[in-house]
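> No letters, just coordinates:
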């Protein structure tokens, strides 16, 4: 059984960009997103994947990822997925021996920048970069499946 252990943080400023690898554009949508799991289709670069993830809140979730033909993924995104689609560019940043994924959202979620780190264990220690702000791992608003139903552009500004 596959388990994803991931922590999410809001990103402060632009300092992360100096260390970032070139970004990869992603377009993703959900065939199902509720109940016990979500089923996602993602196209990134020249690849496409079908992803199934448990709908549990927290840093550990069941996750299964399967490669699929890009043309079929594009068709699913255009014809079967709920809108708005998630559009973002993902950048990898290595910090203190860990790879962080920084997602810069576009479209209805423009203005949102989130950094994720995948860990081997929930209690694994890691160094948090200065540009990583508030942790939002337990806030469902920041889950991509929730950003489809409640895009960032519609959030009240504090």
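On my side now, so go ahead. As the structure is a computational prediction, the values presented were derived from the model and not from experiment.

> Only C-alpha atoms from now on, for both contacts and neighbour counts.
Fine.

> for the longest helix anywhere in the chain, packing partners?
Using DSSP state H, we find that the single longest helix of the chain is helix 70-79. Judged by 3 or more C-alpha pairs under 8 Å, 6 or more residues apart in numbering; DSSP states H and E, helix 70-79 is in contact with strand 37-44, strand 47-54.

> Centre of the chain to it, how far?
Relative to its chain's centre, helix 70-79 lies at 19 Å (C-alpha atoms, centre = their mean, to the nearest Å).

> Return the set of buried residues in it.
Buried residues in helix 70-79, counted by 16 or more other C-alpha atoms under 10 Å: 70, 73-74, 76-77.

> Give me the contacts around that helix.
Residues outside helix 70-79 that contact it (C-alpha atoms under 8 Å, 6 or more residues apart in numbering) are 28-29, 41-43, 46-49, 85.

> ok so, going back, most tightly packed of the helices and strands packed on helix 70-79?
Highest mean neighbour count of those: strand 37-44, a mean of 21 (counted as mean count of other C-alpha atoms under 10 Å).

> any low-confidence regions in this structure?
Scanning the chain for pLDDT under 70 picks out 1, 33, 158.

> Sounds good, over and out.
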